[in-house]
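Asks: the sequence and its predicted three-dimensional model are supplied below.
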Amino acid sequence: MYLTLEEKGKLFAQHGKNEKDSGSAEGQIALMTKRIEHISNHLKSNRKDFNSERSLVKLVGKRRNLLKYLIKKDIMRYRAIVKELGLRK
């Protein structure tokens, strides 16, 4: 896989509470953003890979739903994660 356990741990430690905190919304959004970047780069060189394109669209939708949840739950956490990851919103 493109992400090792150490890289995931660093990602969760940076955006979650600790490296084992894979359930927080911020950690999940950060992981999805990493996966979206990976699939986007793959699709640049493999334009006809429609299965990857479909998974990219589904991931973007899941991330959007998590961001909506975070807006309703705590707007300051939402603003912080959008700023850290450089998302457009």
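Replies: Sure, I can see it.

Asks: only C-alpha atoms from now on, for both contacts and neighbour counts.
Replies: Noted.

Asks: the nearest residue to Arg63 once chain neighbours are set aside: which element?
Replies: Among residues not flanking Arg63 along the chain, Ile29 sits closest, at 5.9 Å (CA to CA, 6 or more residues apart in numbering). Here Ile29 sits within helix 25-45, counting by DSSP states H and E.

Asks: quick check: longest helix of this protein.
Replies: Scanning the chain for the helix with the most residues, using DSSP state H, yields helix 50-73.

Asks: packing partners of it?
Replies: helix 25-45, helix 75-85 (3 or more CA pairs under 8 Å, 6 or more residues apart in numbering; DSSP states H and E).

Asks: what mean pLDDT does that helix get?
Replies: Mean pLDDT, computed over helix 50-73, is 96.

Asks: tell me which residues of it are tucked away?
Replies: For helix 50-73, burial by neighbour count (16 or more other CA atoms under 10 Å) applies to 52-53, 56, 59-60, 63, 66-67, 70.

Asks: output it as CSV, nothing but the C-alphas.
Replies: Extracted in CSV, the C-alpha atoms of helix 50-73 (Å, rounded to 0.1, in the frame of the first residue of the first chain):
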residue,chain,number,x,y,z
PHE,A,50,-12.8,4.2,-14.5
ASN,A,51,-12.9,2.1,-11.4
SER,A,52,-10.3,4.4,-9.7
GLU,A,53,-12.3,7.4,-10.9
ARG,A,54,-15.4,6.0,-9.3
SER,A,55,-13.6,5.4,-6.0
LEU,A,56,-12.2,9.0,-6.1
VAL,A,57,-15.7,10.4,-6.5
LYS,A,58,-17.0,8.2,-3.6
LEU,A,59,-14.0,9.3,-1.4
VAL,A,60,-14.7,13.0,-2.1
GLY,A,61,-18.3,12.5,-1.1
LYS,A,62,-17.4,10.8,2.1
ARG,A,63,-14.9,13.6,3.0
ARG,A,64,-17.6,16.2,2.2
ASN,A,65,-20.0,14.5,4.5
LEU,A,66,-17.4,14.4,7.3
LEU,A,67,-16.7,18.1,6.8
LYS,A,68,-20.5,18.8,7.0
TYR,A,69,-20.6,16.9,10.3
LEU,A,70,-17.7,18.9,11.6
ILE,A,71,-19.3,22.2,10.7
LYS,A,72,-22.4,21.2,12.7
LYS,A,73,-20.5,19.8,15.6
